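Engineer: output the structure for:
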Amino acid sequence: MPTTTARLRSTPIPDPVVQPSDPFGLGRLRDSILGSWLTSPTRLREDTAAETDLVGVGYRDRLLTELVANAADAATAAGIIGSVRVWHDGRWLHIANTGAPVDSDGAAALTALRSSSKHGDGLIGRFGVGFTAVAAVTRHVEIRSKTGSFEFSAERTRAELAANGAVVEQVPTLRLAWPIDAAPIEGFDTEVVMEIDNSIDMAAMFDGFAAESVQLLLELESIDTITLPDNTFRRVREGDIISVGGASWRELVAPRARWLLPLRDGRAVRVRRDVLRAPTRTDVELTVPAICVGDVQLTADRRGLHPDADIAVLAEGYAQIVAELPIDQRMGLVPAPGFPAGRDDERLREALIAELAGHAWVPGAEGDDLIASRAEVLPDLTVGLAGLLGEVITTLVHPDLSGRGSLSTLRSVGVREIGLAEVAERLTGLEREPRWWGDLYAELSVVAQGQVDELGALPVPLTDGRTLPGARGTVLPPYRGDEDADVVAPSWLPTVHPAANHDLLERLGAQRITVGEMLSDPALRSEIDEDPADEHLVRSVLGLLRAAPDVVVPTWLGQLQLPTDDDDMRPADELLLPGSPLSAVLIDDSPFGIVSADLVEEFGQAAFRALGVGWDFTVLREEYPTGPDHDLPDEEQWWSTLEDPPQTLAAVRDLDLVDPDRWPDALTLLAESGDAAPLLADRAGYTCWWLRHYAVVDGVPLAGWRAPSDLTIAGLLDPIDHPRGDEISGALGNADVEDIDAARLMLNRLSEADRVVSPLVAATAHTALAEALRAGRIELDDVEPPTAARTLAGDVAQDAVVLDAPWLAAAIDPGRLITVVPSQIGLASALADLLDMPLATEEFAAEPVREGRPSTWEAEPGALRSALMQSRPLPTGPIRVHDELVVEVHHDGTTSRRRVPFWRDQEGALHIDAEFHVIPD
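Structural biologist: Next comes the predicted model:
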């Protein structure tokens, strides 16, 4: 904002007279502007501030851009391709151009703020403020044109004002213009000359001009040459290839934008980040894949989009120009996935994607361009496979664009990725000669590699004339082509036609396939359903499993009946192996049978385990269960303990079949089971819950034992004597009181006088009991109060009280005090109700013998010393200090005195012993 040192005063304005040396009538304009300033000092300040804002914000660092843009408009107006020359003479910068010279309207516009004389298509300047960029580097500028010349001068403007009685320090440079006698340099129509401020580095300025020149020649089609002192930049066009300064771009022209792709070794290179050119550079950052020179409305400073502008219009025709590129370069013009640089960039990217998705530019396998949103891409499609599938799947993308690196880009424009599984499905029902299928398998074997499983439904022609949907279960003959030979195959497997015989089918499940595929064949299931105890069938299956014991078989194969050790026949999934760990821990009359030992010896244990014969515990799993309907023992009781159903139910089955005397071994088996062991860490899960309530070791439920490493309840619960004690901690008791059974156990153990229980353990147990009562997990009516309770001294007493005022702890015998942990003193009342014992404040009354000396914490040196020794902050507030703090205690008709470290009396006053042994909370 300019500052004035003298008040402006109006002077008569002379009648404007146009002088012969003033072809543009600048005197008249100057008098008009000067008159408005003198009659309205505010106007002068506004003009100065406006120019300052444009220079400092809107048109900073845009000197060459704006002057070359003006030159481009002049060339357009003259109907020529113009040129620009830039040089300096000392501190004087010269920028000359060819094109239409300055006219009266142009001169008037240069003296006005936000007023342009340019109208019509193809012109860049529209706001009349771009020329303001010169004010960033000079306070004196001359415009020399063939039609007349004039200058702007801050010094002359200041002098003009002073001559009219107005002395000001800051004035606008580009408002008052004076005619001068000067001409542009020969060969040019207009020349702008300015004296550059001493603060500006001329060498650095020209380095910047060199970099800008290349970009300006890309942006401004009506200028093809910019000459600098050390270099001349020319735009050379050969077809759609533009070269400037040793670099080249491919130009693609759409209705509302020109798109420039940098070229490297003749190939287009994706632009990673740039700004919108409209046509010169703006501040609108873009992440589109090419330089965008668009026709879109800008703000007055030409840095941002006008609020009414829609950048999306620049996408019009984009798909058509992409389709003009060679096939292998089209993907480079699809916006890469990623975060947009801003709202405008996001809008343009979305418009480009929509344009590409809705038009034909994606090359098809059959040669025609496809509409992207209707096209389909098969990753790694080969030329040979495209030749076969193209006639069947007409929307298939050309193999040159089907590489893995193109998939995400294609998906972004709506191309649907299909896999081999869908290809196989869409070939279902297709009628072709067996030889065609053989050629298809050969091509698919190249593409499939690690995706063979997706071709499970691939049609396979058989020797009987049928075509099956999938190779699984078929048999490949030991010959290829049209040879005639007998094939010996399993009775439940059909045979592939020799002309279609290819190794791919072996990988898909034909003969020489895996044992798992053979044993999963539906035909085998049918035979099992018809006669599950057929001896030949049993031995065939076991023989396959002996050869491949690690195979995964379908669950229905467990219905195959095997001989048992008692000469019966039972389904495999109802049997256990002889000597299995699980059989060793179950009750004698469990529903499981034992498979024949002779048969196991013949075929080996692994074959039977693969078939589903039991070895250890089985884990049941279900996602989002809705109720206790899984045939688990006591499941409804466990379910009632849950606030909400679990997202996943994982539970060990058949726990109720464990022999009560074999629980130690059963726990070891659970801890060593890969499936069951993780469940032993889920304390709230069914498995741990059932084990705590129903599994008994040495006559004690597991809830009555603790893990050896859990010392929070030491003395109340004994450590379980088990090698995996810590690993099964979720199934053992701990300091939590989860239900009435845990509460009763805890109360009983607390009252057992022969147990050695530390004060902290007892306080922890008391706290857990009180929390359970307050939380509603237990009710007073369900608990029988104990006849005795564990005191602070560690013994058991019948006439104890529950501490509810911390300071009473120093006045009452520890052998009569029952406590919770210090931080939970508020639970004392709940504990007293549970134990049916009085609170300490109900049985004992005590007050200091003397009133003490009034003081404050801050005033007592001993208090600070004690705080330092205890590493505690010093409290604030009033206290009463006693040389010896003695309280008189009244209980049951007796009176005694005790020295205590602190006391809070009935009025709430805090009494402190002068030794300050303790700083209370």
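Engineer: do you know how far the residue nearest to residue 659 when sequence neighbours are not counted is from residue 691?
Structural biologist: Using Cβ to Cβ, 6 or more residues apart in numbering and skipping the chain neighbours, the partner closest in space to residue 659 is residue 587 (4.8 Å). Where you see a C-beta, it was placed from the backbone N, CA and C, and this is true even at glycine. Applying Cβ to Cβ, to the nearest Å, the value for residue 587 to residue 691 is 16 Å.
Engineer: these two: who's more crowded?
Structural biologist: The neighbour comparison of residue 587 against residue 691 (other Cβ atoms under 10 Å) goes to residue 691, with 26 against 13.
Engineer: which secondary element of this structure has the worst mean pLDDT?
Structural biologist: helix 515-519 (a mean of 71; mean pLDDT, DSSP states H and E).
Engineer: show me the contacts for residue 538.
Structural biologist: By Cβ atoms under 8 Å, 6 or more residues apart in numbering, the contact list for residue 538 reads 560, 561, 562.
Engineer: hmm, the last one is touching residue 569, no?
Structural biologist: Put plainly, it is residue 562. Yes: taking Cβ atoms under 8 Å as the definition, residue 562 is a contact partner of residue 569 at 7.0 Å.
Engineer: which residues of the stretch 251-400 of the chain fall in strands?
Structural biologist: Ranges of strands in the stretch 251-400 of the chain, per DSSP state E, counting those that start in this stretch, are 257-264, 267-268, 274-277, 281-286, 291-294, 360-363, 369-371, 376-377.
Engineer: in a markdown table: these, plus distance to residue 845 and mean neighbour count.
Structural biologist: Below are those laid out as a markdown table (distance: least, Cβ to Cβ, whole Å; neighbours: other Cβ atoms under 10 Å):
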| stretch | distance to residue 845 | mean neighbour count |
| --- | --- | --- |
| strand 257-264 | 93 | 20 |
| strand 267-268 | 95 | 18 |
| strand 274-277 | 85 | 22 |
| strand 281-286 | 79 | 20 |
| strand 291-294 | 89 | 24 |
| strand 360-363 | 93 | 23 |
| strand 369-371 | 93 | 20 |
| strand 376-377 | 89 | 23 |
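Engineer: mind putting the ones you listed into JSON lines with mean pLDDT and distance to residue 442?
Structural biologist: JSON lines is the format used below for the strands of the stretch 251-400 of the chain (pLDDT from 0 to 100; distance: least, Cβ to Cβ, whole Å):
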{"stretch": "strand 257-264", "mean pLDDT": "95", "distance to residue 442": "38"}
{"stretch": "strand 267-268", "mean pLDDT": "88", "distance to residue 442": "33"}
{"stretch": "strand 274-277", "mean pLDDT": "95", "distance to residue 442": "47"}
{"stretch": "strand 281-286", "mean pLDDT": "94", "distance to residue 442": "47"}
{"stretch": "strand 291-294", "mean pLDDT": "96", "distance to residue 442": "46"}
{"stretch": "strand 360-363", "mean pLDDT": "96", "distance to residue 442": "24"}
{"stretch": "strand 369-371", "mean pLDDT": "96", "distance to residue 442": "26"}
{"stretch": "strand 376-377", "mean pLDDT": "96", "distance to residue 442": "22"}
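Engineer: between the two ends of stretch 796-805, how far is it?
Structural biologist: 21 Å (Cα to Cα, to the nearest Å).
Engineer: could you pull out the strands for the stretch 101-250 of the chain?
Structural biologist: Under DSSP E, counting those that start in this stretch, the stretch 101-250 of the chain gives strands at 138-145, 148-153, 177-180, 190-196, 223-228, 231-238, 241-244, 247-253.
Engineer: and after the least confident helix or strand of the chain, which helix or strand comes next?
Structural biologist: Counting by DSSP states H and E, the element after helix 515-519 in chain order, helix or strand, is helix 522-530.
Engineer: what helices or strands is that following helix leaning on?
Structural biologist: For helix 522-530, the contact count by 3 or more Cβ pairs under 8 Å, 6 or more residues apart in numbering; DSSP states H and E identifies helix 535-547 as packing neighbours.
Engineer: so the helix it packs on versus helix 522-530, what angle?
Structural biologist: Here helix 535-547 points in a direction 130 degrees away from that of helix 522-530 (axes from the mean of the first three to the mean of the last three Cα atoms, to 10 degrees).
Engineer: list the helices and strands whichever helix or strand comes after helix 535-547 packs on?
Structural biologist: Note on helix 535-547: by DSSP H and E, the next helix or strand toward the C-terminus is strand 561-563. For strand 561-563, the elements it packs on are strand 569-571, judged by 3+ Cβ pairs under 8 Å, 6+ apart.
Engineer: what sits up against the strand it packs on?
Structural biologist: By Cβ under 8 Å, 6+ apart, strand 569-571 touches 532, 533, 558, 559, 560, 561, 562, 563, 564, 593.
Engineer: and the contacts of the helix or strand just after it?
Structural biologist: Using DSSP H and E, the helix or strand that follows strand 569-571 towards the C-terminus is strand 575-576. Contacts to strand 575-576, defined as Cβ under 8 Å, 6+ apart, come from residues 562, 564, 582, 583, 592, 593, 594, 595, 608, 613, 614, 615.
Engineer: the nearest residue to residue 195 once chain neighbours are set aside bridge partners, please.
Structural biologist: With sequence-adjacent residues excluded and distances taken as Cβ to Cβ, 6+ apart, residue 195 is closest to residue 140, at 4.7 Å. For residue 140, the beta-bridge partners are residue 153 (DSSP bridges).
Engineer: list the contacts of residue 140.
Structural biologist: With contact taken as Cβ under 8 Å, 6+ apart, residue 140 is in contact with 151, 152, 153, 154, 155, 173, 194, 195.
Engineer: good, we can wrap up now.
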